[in-house]
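Enquirer: sequence-free structure coming up:
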DNA sequence: CAGCGCGTTACCGAGGCGTGAAAGCCCTGT
DNA sequence: ACAGGGCTTTCACGCCTCGGTAACGCGCTG
């Protein structure tokens, strides 16, 4: 399950996304994304739970490894940062979906027919 | 019956619908629906009684966890909201059927041959 | 045809969420 | 040690969604 040192590399494939956490690298449609540590970590945790709803609290604890203080908006901010970077590379796709009152869900899907 | 922590997840399958209450998620034909908490709750309770008629009062008490005041139209409104969202994803199907004077019944069925 | 049940839309208050930017922190190279 | 820049965190503003209610009109029932 978890990668052992540098031997077994975990590779997450979610639609046009390919994430290799052990290499601190994420690709969208083959092109490497420039993500910070936090951004990559959050994207990784979302990818591990692709197509499932992850609550703010759970997502925060996964990425920050501590309990989320009430009112903390860090998750929102980083979700946006990911949306911006993903959107700049693949504008026709929506990746992170908001589920009002519940949390977020990673699921690549086209916004509109490619015209 | 109830799910134990994150182990046993209740999954309701009704025709092309698949509802996972513990994940706050409902899928139609595989595609995730964007439902609010009330909408999801109502759909869940209807799914648990699929193909059976559920009275307004019973449905209200299941979802709102209190007695329905006479004249309350909340159930109607939310039935419509579900119909709209379900219809936008699967227009060729009818899901929630009205039983005049009795209540509602969830039963997926095609409206017309798929042409 | 008379009455009531139901479909549908509109409206409002409350709160969640998107967004931009400031401020603080850490890490780097010099 | 110092200066610079990127990353992280926090804050504030405003929009949007949701829940709940009311109102109107059609359709069904008897």
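Expert: Thanks, I have it. The structure displayed is predicted, hence computed values, not measured ones.

Enquirer: use CA for all of it now, contacts and neighbours both
Expert: OK.

Enquirer: What pairs with the particular helix or strand that has residue A:26 in it, parallel or antiparallel?
Expert: Assigned by DSSP states H and E, residue A:26 belongs to strand A:25-28. Paired neighbours of strand A:25-28 in the sheet (DSSP bridges): strand A:17-20 (antiparallel), strand A:31-32 (antiparallel).

Enquirer: any idea how far the longest one is from the chain center?
Expert: To tie it back to what came earlier, the one meant is strand A:17-20. Chain-centre distance of strand A:17-20: 10 Å, with C-alpha atoms, centre = their mean, to the nearest Å.

Enquirer: who touches that strand?
Expert: A:9-13, A:25-30, A:44 (C-alpha atoms under 8 Å, 6 or more residues apart in numbering or on different chains).

Enquirer: and if we set it to 7 Å?
Expert: For strand A:17-20, contacts defined as C-alpha atoms under 7 Å, 6 or more residues apart in numbering or on different chains pick out A:10-13, A:25-29, A:44.

Enquirer: These into a markdown table, with extra columns for distance to DNA strand C and pLDDT?
Expert: A markdown table is the format used below for those (distance: C-alpha to the nearest atom of the strand, whole Å; pLDDT from 0 to 100):
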| residue | distance to DNA strand C | pLDDT |
| --- | --- | --- |
| A:10 | 24 | 88 |
| A:11 | 25 | 95 |
| A:12 | 23 | 97 |
| A:13 | 23 | 97 |
| A:25 | 17 | 94 |
| A:26 | 20 | 96 |
| A:27 | 21 | 96 |
| A:28 | 19 | 95 |
| A:29 | 22 | 93 |
| A:44 | 18 | 98 |
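
Enquirer: Nearest to residue A:87 among these?
Expert: Closest approach between those and residue A:87, by C-alpha to C-alpha: residue A:28, at 10.1 Å.

Enquirer: surely the closest one meets residue A:16?
Expert: Yes: counting by C-alpha atoms under 7 Å, residue A:28 does reach residue A:16; the two are 5.6 Å apart.

Enquirer: which SSE is residue A:98 in?
Expert: In the assignment (DSSP H and E), residue A:98 maps to strand A:93-99.

Enquirer: and the next helix or strand after that strand, which residues are buried?
Expert: Later in the chain than strand A:93-99, the nearest helix or strand by DSSP H and E is strand A:103-110. For strand A:103-110, the neighbour count (16 or more other C-alpha atoms under 10 Å in any protein chain shown) marks A:103-108 as buried.
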